[in-house]
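Undergrad: Sharing a model that was predicted from the sequence below.
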Amino acid sequence: MPDLTYDPPFPTGPLAGYVQTIRMTDAGKQIGYARWYVTDDGTTGVAQLLEITIAPPHRRAGHGQRLLQAAIEQIRQFFRARKLPLRRIWMNVNQKDQVNGRAMMTHAGFHHMGTVSSILKDQDALIYVLSLD
C-alpha cells in the first residue's frame, strides 16, 4: 500500500493562512498528492481543497479516494488542534475535465453548490462543498 507524508506539520503559533501537501508514494516514487488550504487562522471554520492529483498509470485504483479521505482527516485534526469548529470544506472541480473527480467528491459526501461560468475556457468551474455543521 502506498505511503502518505504530510508537509509541513501543523503550525502551533498564530496563522495568516496555512497550506499542507499530502504526498502519496509507492516504493519511494510519488504517484499522487493532495493540497489543502486555510485562508486565515481557522476562525471561519472553512478549508479549501486546492487539488488532488494521481499520476495517470495509478488512476482508478482508489488512490484519489484515499488522498481525499486523508486530506479531510488532516483538516479535521487541524481544526481540533486549534479548538475551532470545522464548518465547510470546498473544492473547485472542472466540469468537463474532471468527471471522475466529480463522482469521487459526491461519493465522499460533497454537494455541488454553485457553478462559475466565466473563469475557465470552454467549461464551467463547479464548486463542491462538504458541510460539517
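TA: Sure, I can see it. Residues are numbered from 1 along each chain as shown.
Undergrad: okay but residue 19 is in contact with residue 34, surely?
TA: No - judged on C-beta atoms under 8 Å, residue 19 makes no contact with residue 34 at a distance of 11.2 Å. Any C-beta I mention is one placed from the backbone N, CA and C, and that applies to glycine too.
Undergrad: Which one of the two is surrounded by more residues?
TA: The neighbour comparison of residue 19 against residue 34 (other C-beta atoms under 10 Å) goes to residue 34, with 26 against 13.
Undergrad: Can I get the helix or strand in which that one is found in CSV, CA atoms only?
TA: Here residue 34, judged by DSSP states H and E, is contained in strand 29-38. The C-alpha coordinates for strand 29-38 follow below in CSV (Å, rounded to 0.1, in the frame of the first residue of the first chain):
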residue,chain,number,x,y,z
LYS,A,29,8.1,7.2,-6.2
GLN,A,30,5.4,9.9,-5.9
ILE,A,31,2.2,8.7,-7.5
GLY,A,32,-0.1,11.5,-6.3
TYR,A,33,-0.7,14.4,-3.9
ALA,A,34,-3.4,16.5,-2.4
ARG,A,35,-3.1,20.1,-1.2
TRP,A,36,-5.5,22.0,1.1
TYR,A,37,-5.6,25.5,2.5
VAL,A,38,-7.0,27.5,5.3
